[in-house]
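> here's my sequence, what's the structure:
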Amino acid sequence: MRLILMGQQAFGKDVLTKILEKGADEIVAVYCEPDREGGAIDPVKEYAIESKIPVFQPAHFKDKDTLDALSSHNADLMVMAFVNVFVPEAARDIPKQGSICFHPSLLPLHRGPSAVNWPIIMGRDKSGFSWFYPTDGLDEGDTLLQWECPIDPDDTVIDLYFKKIYPAAVDSVLEVCDLFRDGIPPHFEQIESLATYERRCTKKHAKIDWFKPVDQVYNLIRGTNPAPGAWSTIGGEEINVYDCEKSLGDGIAGRIMEISDKGVAIQCVGGRILAKRVKPAGGKKMTANEWVTASGIAVGDNLGS
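Coordinates of the predicted model:
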């Protein structure tokens, strides 16, 4: 098949690499976001240039020239791997078999841009990814295939995405291409009554409320590690909390109850968070013990408001 690969960053590059290594299909063009002034070259663009594949970087797909260029590739399928630019139906339908898009959740759950963060924050026990036929609705459209994995009790975003979803998703693009090449690819309708949509997970969502149950606080920290980073305040200064554990103990919520070689234990409702790696305002990530030494915090100090 003649393929257009649309994607960004490492995931786009690794999907492109996987298709080229298999050699069963021809990549006739690579589409990625426009260059950012002063920014590094996008890895998928760099690799496409090295592989002598034409690269296109339209800011949108609204004008005739952009659509004509897309049509000129005479592609059979457009594979959309990690796409930030909205691609309207007029562009998606140009390839003979249309377009297929990747999303890192089990659609229709967790439609939206932070689909890896929210399942962890919400305490779900499984996630995965979907390849789906995109429509003009956000992450709507029938699915082609899905892959499921457990969210273990201590998984962070790094564990779930980079260790579980990412490698399986890159490998799965070959199955996607095979399904289209072999004939009529399957369509599975998304069940709208099960659909959820969560907005982008930002700093305002990552603020720690120490008066919440310890499990909820722990899930928030895990689900925002490494980004956007759960945070609180102490002495009027912000502090991000990354690596941590749950521990037992009673006390006043938000209070530092113990400092040990393992970290700083902060009270929540029904248990404690043992902070092991933190980032003070204006500083770099460090162990909780380095933070104690640098800041002079002590047992009895309070975090939050």
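
> switch to C-alpha atoms for all contacts and neighbour counts from now on
Will do.

> now His187, what are its backbone angles?
The phi/psi pair for His187 (degrees, to the nearest 10) reads phi -130, psi 130.

> begin at 178, not 1, for the rest of this chat.
Yes, from this point I'll number from 178; that puts the last item at His364.

> got a list of what it touches?
Asp319, Thr320, Leu321 (C-alpha atoms under 8 Å, 6 or more residues apart in numbering).

> from those, which single one is nearest Glu369?
Using C-alpha to C-alpha, Asp319 is the member of the contacts of His364 that lies nearest Glu369, at 10.8 Å.

> tell me how far that closest one lies from His364.
To His364, Asp319 is 6 Å away according to C-alpha to C-alpha, to the nearest Å.

> any idea how far Leu480 is from Ser409?
The value you get for Ser409 to Leu480, if C-alpha to C-alpha is used, is 7 Å.

> how about the helices in the stretch 328-477 of the chain?
All helices of the stretch 328-477 of the chain, identified by DSSP state H, counting those that start in this stretch, fall at 334, 343-358, 391-400, 465-472.

> now the helix or strand harbouring Leu321: buried residues?
Here Leu321, judged by DSSP states H and E, is contained in strand 320-327. Judged by neighbour count (16 or more other C-alpha atoms under 10 Å), strand 320-327 contains these buried residues: Thr320, Leu321, Leu322, Gln323, Trp324.

> and stretch 258-273, by the same measure?
Here stretch 258-273 shows Ala258, Phe259, Val260, Val264, Ala268, Arg269, Ile271, Pro272 as buried, counting by 16+ other C-alpha under 10 Å.

> now swap in stretch 352-370 and tell me
Neighbour count says stretch 352-370 has Val353, Cys354, Phe357, Arg358, Gln367 buried, by 16+ other C-alpha under 10 Å.

> including pLDDT and distance to Gln444, could the residues you listed go into a markdown table?
As requested, the buried residues of stretch 352-370 are arranged in a markdown table below (pLDDT from 0 to 100; distance: C-alpha to C-alpha, whole Å):
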| residue | pLDDT | distance to Gln444 |
| --- | --- | --- |
| Val353 | 97 | 48 |
| Cys354 | 97 | 51 |
| Phe357 | 96 | 54 |
| Arg358 | 92 | 56 |
| Gln367 | 98 | 42 |
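
> farthest-apart pair in the residues you listed, please.
Arg358 and Gln367 (23.3 Å).

> how is the protein divided into domains?
For the chain, automatic domain parsing gives the domain ranges 179-371, 380-472.

> and the shortest one, how far from the chain's centre?
Just to be clear, that refers to domain 380-472. The chain centre lies 23 Å from the centre of domain 380-472; the measure is C-alpha atoms, centre = their mean, to the nearest Å.

> that domain: end-to-end distance?
So domain 380-472: terminal residues 23 Å apart, C-alpha to C-alpha.

> the closest residue to Gln323 other than its chain neighbours: neighbouring residues, count only.
For Gln323, ignoring the flanking residues on the chain, the nearest one in space by C-alpha to C-alpha, 6 or more residues apart in numbering is Ser307 at 4.4 Å. Ser307: 23 surrounding residues under other C-alpha atoms under 10 Å.

> SS state for Ser307?
Following DSSP: H, G, I helix; E, B strand; the rest coil, we place Ser307 in the strand state.
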